[in-house]
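Q: Mind looking at a prediction? Sequence and model below.
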Amino acid sequence: MTANSRTLFDKVWDAHEVLQREDGASLLWVDRHLVHEGSHHAFAKLAERRLPVAEPALTIGVVDHYAPTRERDRIADPDIARMIRTLEENTARHGIRCFGMRDPRQGIVHVMGPEQGLTLPGLLINCGDSHTSTHGAFGALAFGIGATEVAHVLATQTIWQKRPKTMRITVTGQLGPAVSAKDLALFWIARLGADGARGHAIEYAGPVVENMSMEGRMTLCNLSIEGGARCGMVAPDDVTFTYIEGRPFAPKAKDWNRAVADWRALASDADAIFDSEITLDGAEIAPTVTWGTSPEEALPITANLPDPAELDRARADQVRAAMEYMGLVPGQRIQGTPVDQVFIGSCTNGRIEDLRLAAAVLSGRKAKVPGLVSPGSALVKAQAEREGLDRIFTDAGLEWVASGCSMCVGMNGDLVGAGKRCASSTNRNFKGRQGRGARTHLMSPAMVAAAAVTGTLTDVRPLLDGRV
Amino acid sequence: MAGFSIIEGPAVALPQDNIDTDQLIPARFMSVPRKDGYGPYLLHDLRFDSAGAPRALMPLNHHVDAEILVTRRNFGSGSSREAAVYALVDFGIKAVIALSFGDIFASNAVNNGLLPARVSEDRIEDLIGRLGDGKAPMTVDLQACEIRIGNEVIPFDLDPIWRLKLLNGWDDIDMTASHGPAIAMFRAARAEQAPYAMLDAMAGEAK
Ligand code: SF4
């Protein structure tokens, strides 16, 4: 390694370092700060100190977590109405642009940012939301922060951080048919653990990642946090530039050419050293589902559930508790487990490509169980409707609703009932995540569609055969 | 926020991996303003059954004076909701001792004066065995980075940056204020070098 060979992460980090304190903490400049309803704590902290927002133009608000997906004009729940109103008032007071409930660009913050061209390579992006890692798909340094830190960014447009270690996950070969970025993410998290990448910035590389669409890369980077990583990144390339060009907030004309020239330099140097290197074979990955209450509890759909009798005590306790919560029997096959309902949406898998794949499975078929499809943004919704995907979902018997976080977290009232089993394209199968006592199985949108068609957890491959 | 160097109080064990922030505070309580207090919602669905009755097997229901929590791997993983820390702090918890923490949670904890102390696996198992479902007096010494229980002394890991911050009760916004000129210079250079990184108020809006 030459003294100055650097990783993609290093390059973006270094370009944002305002200064370093003696104790090693760095003060970083923040290019884009995204805020949502949950930022009310941070705005309250600012108000307490009577501080203005340092860079209103670099701060962007969007309503997503509490956005109702039905009857948007009359929000029945006063708490939900208040959360949305508070964001709209806070952003208006500070001169911050906000994609509110009636804005045609409204959507989940991590869908809206890229869609609007607010997310660009080489930027540092913060949001008070852990899945901010999504934006790393563009070669941005993007990570989630807590409310105190949100207040700090609002007040100073900077953030104190300790430099994380670097990890490269290289995926060789090729993914099999109907195997997607979601399966890849669940696969590596199951292998390394939900804290396997703790304290690390991940760079995803290798032919599988290079051949992935921006949607797939976003899904992959989105789930970095579920493996404990600080952020996930992919080096920007022509796929990235093609996606960005012409988007409303993207640079134009001369500025565009200059930006692309800069962005091409954002790749890890050939001899850059990572603190940790992981190599996976894409061909080894099958459609994957979670069975437990942590994203690390995932298995190929063809596998059998673990048996606590074969595990050490601490691990066995954990598996037993997860199985009890999930209502599953040790050692049984995952495939064929009946589900009560399905959900397609979220910042992980609510983009147009996700909807197209799910529709490919559902087209001409009927769902055996009820389900909800919530596009990641109002623009994704409009696009899907232009393509007739909404009809495929509704003809199958699923409900087609407006965009927001919806059943990913249930803050808007879209909840899974207690004890109900949901096949879900979301990111967290935590106890109670989709509603108190709800049983969540995470999987790709195509796998969710397959679960809808059969009413059970099932391998999507035969159902997609000849369709894509 | 005041700094501190010693925590002395009852410790209680929660022997589980992956206690995520959705469990620490379920999403439905998150519209509550902080001043109303988040203590009642801490681990709500683990502490109370669906009828609202306290669960007998939950140590925190018997030891409401707990100040130190001992738990296993990946505590505070998941959502960045700082409300998870508010719930712990408002309940009266001053330190969490675990094998590992979610990064964002740990940083949120330090910003609210809650100590996230990392201890090796055999020591954690030892403490969990010792506490059972009871409680025991414990001392957590932030100067020495050690935990004392009975005659035992257990070292813990904490990022040195966070240790200083907790010891001194530093507030980041105050600290950053002194760097105002450096930030202003940086901003100007950034606008020059990467014009695409800036936005003006009207950028991106349809004309
Ligand atoms: S869709 Fe789910 S994970 Fe994504 S931002 Fe919304 S609540 Fe968070």
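A: Now that the structure is in, tell me what you want to look at.
Q: make it CA atoms for all contacts and neighbour counts henceforth
A: Noted.
Q: ok, now which ones touch the nearest residue to A:Ile145 once chain neighbours are set aside?
A: Spatial nearest neighbour of A:Ile145, excluding adjacent residues (C-alpha to C-alpha, 6 or more residues apart in numbering or on different chains): A:Gly128 at 4.8 Å. For A:Gly128, the contact set (C-alpha atoms under 8 Å, 6 or more residues apart in numbering or on different chains) comprises A:Leu34, A:Val35, A:His36, A:Gly38, A:Ser39, A:Gly144, A:Ile145, A:Gly146, A:Ala147, A:Val150, B:Ser80, B:Arg81.
Q: ditto for A:Ala449
A: By C-alpha under 8 Å, 6+ apart, the neighbours of A:Ala449 are A:Val342, A:Ala358, A:Ala359, A:Val361, A:Leu362.
Q: and the gap between the nearest residue in space to the last one that is not next to it in sequence and B:Thr21?
A: Read it as A:Leu362. Setting aside the residues directly before and after it, A:Leu362 is nearest to A:Ala449 in space (C-alpha to C-alpha, 6+ apart), at 6.1 Å. According to C-alpha to C-alpha, to the nearest Å, A:Ala449 and B:Thr21 sit 29 Å apart.
Q: what ranges of chain A fall below the confidence cut-off?
A: Along chain A, segments meeting pLDDT under 70 span A:1-3.
Q: Which strand runs longest in it?
A: strand A:165-172 (DSSP state E).
Q: does the ligand sit close to the helix or strand following that strand?
A: On the C-terminal side of strand A:165-172, the closest following helix or strand by DSSP states H and E is helix A:181-192. No. In terms of C-alpha under 6 Å from any ligand atom, no part of helix A:181-192 sits within range of the ligand; the closest distance is 13.8 Å.
Q: outside of helix A:181-192, which residues touch it?
A: Residues outside helix A:181-192 that contact it (C-alpha under 8 Å, 6+ apart) are A:196, A:216-217, A:219-220, A:223-224, A:226-227, A:282, A:285-290, A:295-299, A:443-444.
Q: Same check on stretch A:205-224?
A: In this structure, residues lying in contact with stretch A:205-224 by C-alpha under 8 Å, 6+ apart are A:131-138, A:168-175, A:180-182, A:184-185, A:202, A:230-235, A:239-240, A:243, A:282, A:347-349, A:351, A:353-354, A:427.
Q: PyMOL command for the buried members of those residues?
A: The following PyMOL line selects those of the contacts of stretch A:205-224 that are buried, judged by 16 or more other C-alpha atoms under 10 Å in any protein chain shown:
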select buried, chain A and resi 131+132+133+134+135+136+137+138+168+169+170+171+172+174+175+180+181+182+184+185+202+230+231+232+233+234+235+240+243+282+347+348+349+351+353+354+427
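Q: Quick check: can you list the domain ranges of chain B?
A: By the assignment in automatic domain parsing, chain B contains the domains B:6-169, B:171-207.
Q: residues in contact with residue 55?
A: By default, I'm working from chain A. Listed by C-alpha under 8 Å, 6+ apart, the contact set of A:Glu55 reads A:Leu154, A:Thr156, A:Gln157.
Q: please go with chain B instead
A: B:Arg55 neighbours (C-alpha under 8 Å, 6+ apart): B:Leu46, B:Arg47, B:Phe48, B:Asp49, B:Asn61.
Q: With respect to B:Ser107, which of the residues you listed is nearest?
A: Comparing those against B:Ser107 with C-alpha to C-alpha places B:Leu46 closest, at 24.1 Å.
Q: I'd guessed the closest one sits against B:Pro59; true?
A: No. Using C-alpha atoms under 8 Å, B:Leu46 is not in contact with B:Pro59; the gap is 10.4 Å.
Q: what's the burial count for the residue of chain B found nearest chain A?
A: At 4.4 Å from chain A, B:Gly204 is the closest residue in chain B, using C-alpha to the nearest C-alpha. Each residue near B:Gly204 was counted by other C-alpha atoms under 10 Å in any protein chain shown, and the total is 16.
Q: List the contacts of the least confident helix or strand in chain B by mean pLDDT.
A: Least confident helix or strand of chain B, by mean pLDDT, DSSP states H and E, is helix B:172-177 with a mean of 89. If you take C-alpha under 8 Å, 6+ apart as the criterion, helix B:172-177 is touched by A:His152, A:Ala155, A:Thr156, A:Trp160.
Q: tell me the two of the residues you listed that are most distant?
A: Farthest pair in those (C-alpha to C-alpha) is A:Ala155 and A:Trp160. Separation: 12.8 Å.
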